[in-house]
Structures are given as structure tokens and as C-alpha cells.
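Asks: sharing a model that was predicted from the sequence below.
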Amino acid sequence: MTLLNAKSPLPLYVVILKEGPTHSLEDIQPHCEVLAQRFSGELWTYGGYDADVRIGGMRLRVIDGGNGNKFQRYRTFFRAVVGRARALRMENRGRTIVVSYDPFKTGFLASRFARIVKGKFISEVNGAYGDPDTFADIRSGAWRNIRLLQMRLLGGYVLRRADGVKLLFDAQLDGFARPNPHAILRRFFDIAYIDRFHDGEEEPIILLAGYPFRRKGADVLCAAFLAIAERYPEWRLVLIGHELAAGMQTAGIAHPRILVYPGMPQNQLVEWVARSSIVAQPSRSEAMGRILIEAAAAGKCRVATSVNGIPTVIDDEVDGLLVPKDDAGALASALERLMRDSDLRHRLGNAAKERARRDFTADAYLDHYAEFFSALSTE
């Protein structure tokens, strides 16, 4: 079986290892469907169920981690993947490229897989791991520093063994880890399923989707909204994400026009994005912000902080607004501009939609990866 490029076939086989857990096939199958448009190989992850599905030339394999703790579930996944690597070595598929979603546990496993099959190893870096605000929700400064050190040690170990490194923004490795000096580096966006997102008749809703509470700046957004809410009684703030309700309770924030919902399947999130007028992502740390690309695809006006990789998906005053992080006053002013001026909202939203169609499509993602694989296979 070969890895296929729509323009020129490449004699390669690609193995993707993705962090879990996944809770349903809907979480992971779209990624495999996109990959199957060009490539042959397999995608492995783990969750609370077992699946083995063929999608074109791709195999999607979900390992049931059982009812154990995180370590036990990962150990089950590790054993299954190493067993697959040994079997794949005997199948003689040709040159193999192994890709991990992160440079931590999955990256360690992917590097071992690549050694077993004598293939190339790419580590994606999908977080702003050099930014201490990645752990903004950990209150203890000492524990935050320990977690940062853990990431730097394991991340450095993995990246020094990578033949290729995929970044989301240029300075992403600053303060984090140094890669193998001979590694091929590329920077491009993470996959977003923009075809699912659509325009809708907007309601006076400001939407934040994501977690955890402080890293996503939900507390700053609430403070900004409360500062202007009295002047705009028709507007609501909607927060969607795991454990956001607990974060609201801890912060002592409550208001009848601030609505909080738990994390939900993407088909439900799509409808909330369609209904919203403004999508806000005032993160303290954010490597890209997939919701910002999804909101762009729906033609929604976006406001976010100018941190880490967010400026790679929002051009300030062109297709969205950027504000400093931790600045509730600046965020309130930006929101008020947008709430007052529907023409500005629509201008920014339309520009964002055009950019999503141009820069963030599945075809663009596949083009980037095909070029990356080609560069690795010819080095």
C-alpha cells in the first residue's frame, strides 16, 4: 500500500499516532477521512471503545483503554502500537513516515515505532509549551514550574530524535526545547473541518468555546462582558467547554446573561457558532485556536488576544480584532465596537470567511503535508 499524492504518487506509508482519549468515532474519523483523500497508511489512538475501520487507503484503529486510570489506558495503547510496529516491519510496506500529535507520550511512542520499522519520524507541536500561561489554571507556582520542566525534558528528548518537526507558529520552540539540528521544520495550521461550519442568522450572542477556564481567558471575557452588559441588555455571553462551570463557580462569577454549557459534539457546536454574532478567544496561551478558523469558515467576526499563534489566523482590523492578553478593559472596548457596529462585524466576518476558504482548507493542509513528506523522503 502506498501513500498517495493527487499530483504525484509517493512510495511511502504514513502512520499517525494521535493522543487520546477519543469518546466517539465522530471525534477522530473526520481526520482519517481527510488523510484518505491523498494518503495511505493508518491512524492510531485510544478511547473508551474499540474500532477498526477502513477509509479509502487509511486504517483507523481505536484501542479500548478499559476502565483504568490514564496511565493504564496509555499502557494498553503503547503495547498495541508497539505490537503493530513489529508486525508492520515484517510486512515490508516500503518507506514509512510516523507522525505524532505531540512531542510527549505520543511522540516518545512514535519515535520508537519509527525505529522499529526503520522509518522517518515527524513530531507535531500543537501547544505553546514555552509559555508559562499554558498552565494558567494551576494555582501553585511551584507545581506550574514542575509541569513546565517535565514538558521541557520529555519534549526535548523527543524532538532531538525527530527527523521532522511541524510547528504552528515561528517562535513555538522558544523557551521549550531544541530539535535535532538536522530536522526538517515546517510551519502550517492544524486540521480544521471547516466544511461543517456555515453562516446562520446571527443573534446577539458572544461565544467562547474551549477549556480550561483561565488559559482560555474565560474569566477575562466575563469581566469584559460585565463591564458593558448594562448598556446592551439584549446581548448574551455563551461559554462552552469542559469544566467551565466549575471555573465560574471558583471565580465567583454569575450573571443571568452569562450561560455556561459543558463540552459538546462538534455538530452541536456548529449550530452555536452559526447563531453567534461574535466569537471570542481571549486566551492567555494559544498555539493556534481551531475555533477561530471554524468561526472564520462560518463568516463570524472574531476577537482574540495577540498571543503565540493567534496572529497566524487573525490579521488585526482586517479579518478580526486582536487585544492584549489579561486586559479586560481593551477586550470590553473591542466587544463594544463590534456590538454597536453590525457593518464592522460583517466586514470582518466576510474577510475571515474568504481567508478560511483560501488558506485553511483540507486541500491546503494536505498540500503542506505532502510537501513535508516529500522533503523527508528525499533527504
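Replies: The structure has been received and is ready for your questions. Numbers count the residues shown, from 1 in each chain.
Asks: local confidence estimate at the residue most central in space within the chain?
Replies: Among the residues of the chain, Arg290 comes closest to the average C-alpha position under Cα atoms, centre = their mean, at 5.4 Å. As predicted, Arg290 sits at a pLDDT of 96.
Asks: these two touch, right, it and Arg196?
Replies: No. Taking contacts as Cβ atoms under 8 Å, Arg290 lies outside contact range of Arg196: 11.9 Å. All C-beta atoms are positioned from the backbone trio N, CA, C, and that covers glycine.
Asks: what sits against Leu207?
Replies: By Cβ atoms under 8 Å, 6 or more residues apart in numbering, the residues touching Leu207 are 238, 240, 272-273, 276, 278-280, 295.
Asks: for Asn308, state which of those is nearest.
Replies: Nearest to Asn308, judged by Cβ to Cβ, of those is Ala280 at 16.4 Å.
Asks: pull the number of nearby residues for that closest one.
Replies: As a burial measure, Ala280 scores 33 neighbours (other Cβ atoms under 10 Å).
Asks: my guess is it is in a strand, correct?
Replies: Yes. Under DSSP: H, G, I helix; E, B strand; the rest coil, Ala280 sits within a strand.
Asks: let me see the ranges of the helices in the protein.
Replies: Under the criterion DSSP state H, helices of the chain are mapped to 25-35, 70-91, 105-117, 141-159, 218-228, 244-251, 266-275, 290-297, 328-340, 342-359, 362-378.
Asks: tell me the buried residues in the fifth one?
Replies: Burial within helix 218-228, assessed by neighbour count using 16 or more other Cβ atoms under 10 Å, is assigned to 218-227.
Asks: sorry, back to before: find the nearest non-adjacent residue to the residue nearest to the centre of the chain, please.
Replies: Ala192 (5.1 Å; Cβ to Cβ, 6 or more residues apart in numbering).
Asks: report the contact partners of that neighbour.
Replies: 290, 293-294, 297, 360.
Asks: next: Arg215.
Replies: Counting by Cβ under 8 Å, 6+ apart, Arg215 has contacts 133-137, 283-286.
Asks: against Val307, how distant is it?
Replies: 11 Å (Cβ to Cβ, to the nearest Å).
Asks: repeat for Val238
Replies: For Val238 relative to Val307 (Cβ to Cβ), the value is 22 Å.
Asks: okay, now the unreliable bits of the stretch 251-379 of the chain?
Replies: Within the stretch 251-379 of the chain, the ranges that satisfy pLDDT under 70 run 379.
Asks: let's see it at 80
Replies: 378-379 (pLDDT under 80).
Asks: re the thing from before, redo the contacts of Leu207 as CSV? Include distance to Val323.
Replies: Putting these into CSV (distance: Cβ to Cβ, whole Å) gives the following:
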residue, distance to Val323
Val238, 19
Ile240, 21
Trp272, 22
Val273, 20
Ser276, 18
Ile278, 13
Val279, 14
Ala280, 10
Ala295, 16
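Asks: among these, which two are most distant?
Replies: Taking Cβ to Cβ, no two of the contacts of Leu207 sit farther apart than Ile240 and Ile278, at 14.1 Å.
Asks: more neighbours, these two?
Replies: Ile278 (26 against 21).
Asks: so that one is in contact with Leu292, correct?
Replies: No. In this structure, Ile278 is not within contact of Leu292 by Cβ under 8 Å, at 12.0 Å.
Asks: got any residues that touch both of these two?
Replies: What both Ile278 and Leu292 touch, as defined by Cβ under 8 Å, 6+ apart, is the set Arg302.
Asks: for Arg302, give me its contacts.
Replies: By Cβ under 8 Å, 6+ apart, the neighbours of Arg302 are 278-281, 292, 295-296, 314, 319-321, 348-349, 352.
Asks: and this protein, what are its domains?
Replies: Following automatic domain parsing, the chain resolves into domains at 12-192+361-378, 194-359.
Asks: low-confidence ranges in the stretch 51-200 of the chain?
Replies: 68, 92, 94.
Asks: next, work out how far apart the nearest residue to Arg161 once chain neighbours are set aside and Leu208 are.
Replies: Nearest residue to Arg161 in three dimensions, chain neighbours excluded: Ser111, at 4.6 Å (Cβ to Cβ, 6+ apart). Here the criterion is Cβ to Cβ. By it, Ser111 lies 36 Å from Leu208.
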